[in-house]
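[1] what follows is a predicted protein model with its sequence.
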Amino acid sequence: MKITEVKTYHLRYPLREKFAISRGWSTSRQAQVVEIVTDNGLIGWGEGTGEVHRSAIDAHIIGRSPFDCGAIYQALSDDGVSPKAISGIDIALWDLMGKALEMPVYQLLGGKVRDKIPAYATGLFRIDRPDVTQALVDEAKGYVDMGFSAMKMKIGFGADYDVKNVTAIRQAIGDDVLFAVDANCGYDVGTAIDVGHKIAHNDLFWYEEPIPLDDVRGYLQVKGALPMRIAGAEGLAGRWAFRELIQQRALDIVQPDISIAGGFSECRNIAVMASANYVRVLPHMWGSHIRLAATVHWQATIPDAPDALNPIPSLFEYDMTENGLRTELAVNPIRAVDGELPVPDVPGLGIEIDRDVLEKYAV
Ligand SMILES: [Mg+2]
């Protein structure tokens, strides 16, 4: 089996209602999709967050076997291609290996340790409406009604907004729902600690990205000052970018994104490094259905840490916001049922891409 073609697509989905994280408003969702074709007619799909130049594709991918995925990763990396871009290639190669062997990707990764992954609803973004708090409360109650036992909201908009809305949502969802907050790197150390103290009484499972992404000493300061777990690193690419944060235990929870950090091949390395340093791995997921499916296969293989009768749940980041690239792109999407994601027992990533949808959103 030899690779004959690598195609790339940039997809853009315009949002009906804009929303904000701490650092700005979004009016669209985007995805960089990779399609790899082999001489025996198999097709693999991947999603990355950077572009691989045609010259690198011709030099290191065309004519090789998908089973050379590790060597291809190394050759691209040695040629200066970023892990963000290699991610899309690597995911497509694992999809192809699974299809060639008629095995799900999780099987190739060593087998799943869970059949279903408990999901948390990611949503509760800032929206441009007169009564934001009421809208957020209604949204949070909706997730409880759908069967979610965990959710995450966006903060980082200043202490007044954060305290008012975090408190309102905790009151609305009750004490039994696991609740996390995400500041998307919007604060400096002092503000992050100040806000953290002011919202801490709401029993927060984690406080995500309180400060900029790679500020190791800053994370140690924030972590040492606050009672809740500190999470982060969703935007980091390649194992070396994670090294200091993990080795210095600057995070309680590390959140590699499979389409940014380097695909299955590199995320496995990062998870091993985290495990050896007793840092929890909860993957970040924010993308098309290809990224969702890849994350399901990878997360299905991450063991509980520590192993226990009633382990701390390996929570899947289940994006509940509007994004046609996630909800329309696969003919057979993986969907949460009663707050849990089933791990698909079909070859490769186990999703079939709707080419009409691919063409519709390609730019
Ligand atoms: Mg985040």
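    Sure, I can see it.
[2] how about the spatially most central residue of the chain: what's its closest non-neighbour residue?
    For the chain, the residue nearest the mean C-alpha position is residue 285 (1.9 Å; Cα atoms, centre = their mean). Among residues not flanking residue 285 along the chain, residue 317 sits closest, at 4.2 Å (Cβ to Cβ, 6 or more residues apart in numbering). The C-beta positions use only the backbone N, C-alpha and C, and glycine is treated the same way.
[3] all helices for the stretch 201-350 of the chain, in order.
    216-225, 239-247, 258-261, 263-276, 289-299, 324-327 (DSSP state H, counting those that start in this stretch).
[4] what helices or strands is the helix or strand residue 93 falls within leaning on?
    Assessed by DSSP states H and E, residue 93 sits inside helix 83-101. Using 3 or more Cβ pairs under 8 Å, 6 or more residues apart in numbering; DSSP states H and E, the elements in contact with helix 83-101 are strand 24-38, strand 43-48, helix 69-78, helix 105-108, helix 258-261, helix 263-276, helix 289-299.
[5] ranges for the helices of the stretch 51-200 of the chain?
    54-60, 69-78, 83-101, 105-108, 132-146, 159-173, 189-199.
[6] comparing these, which comes out most buried?
    helix 83-101 (a mean of 27; mean count of other Cβ atoms under 10 Å).
[7] can I get the CA coordinates of it in PDB?
    The C-alpha atoms that make up helix 83-101 are tabulated as PDB, following Å, rounded to 0.1, in the frame of the first residue of the first chain:
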ATOM      1  CA  PRO A  83       3.700  19.700  14.700                       C
ATOM      2  CA  LYS A  84       0.500  21.700  14.100                       C
ATOM      3  CA  ALA A  85       0.700  20.900  10.400                       C
ATOM      4  CA  ILE A  86       2.000  17.300  10.900                       C
ATOM      5  CA  SER A  87      -1.100  16.600  13.100                       C
ATOM      6  CA  GLY A  88      -3.400  16.500  10.100                       C
ATOM      7  CA  ILE A  89      -1.100  14.100   8.200                       C
ATOM      8  CA  ASP A  90      -0.600  11.900  11.200                       C
ATOM      9  CA  ILE A  91      -4.300  11.500  12.000                       C
ATOM     10  CA  ALA A  92      -5.000  10.600   8.400                       C
ATOM     11  CA  LEU A  93      -2.200   8.000   8.400                       C
ATOM     12  CA  TRP A  94      -3.600   6.300  11.500                       C
ATOM     13  CA  ASP A  95      -7.100   6.400   9.900                       C
ATOM     14  CA  LEU A  96      -5.500   4.600   6.900                       C
ATOM     15  CA  MET A  97      -3.700   2.000   9.000                       C
ATOM     16  CA  GLY A  98      -6.900   1.200  10.800                       C
ATOM     17  CA  LYS A  99      -8.800   0.800   7.500                       C
ATOM     18  CA  ALA A 100      -6.100  -1.300   6.000                       C
ATOM     19  CA  LEU A 101      -6.100  -3.700   9.000                       C
END
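[8] tell me how far it lies from the chain's centre.
    What separates the centre of helix 83-101 from the centre of its chain is 16 Å, taken as Cα atoms, centre = their mean, to the nearest Å.
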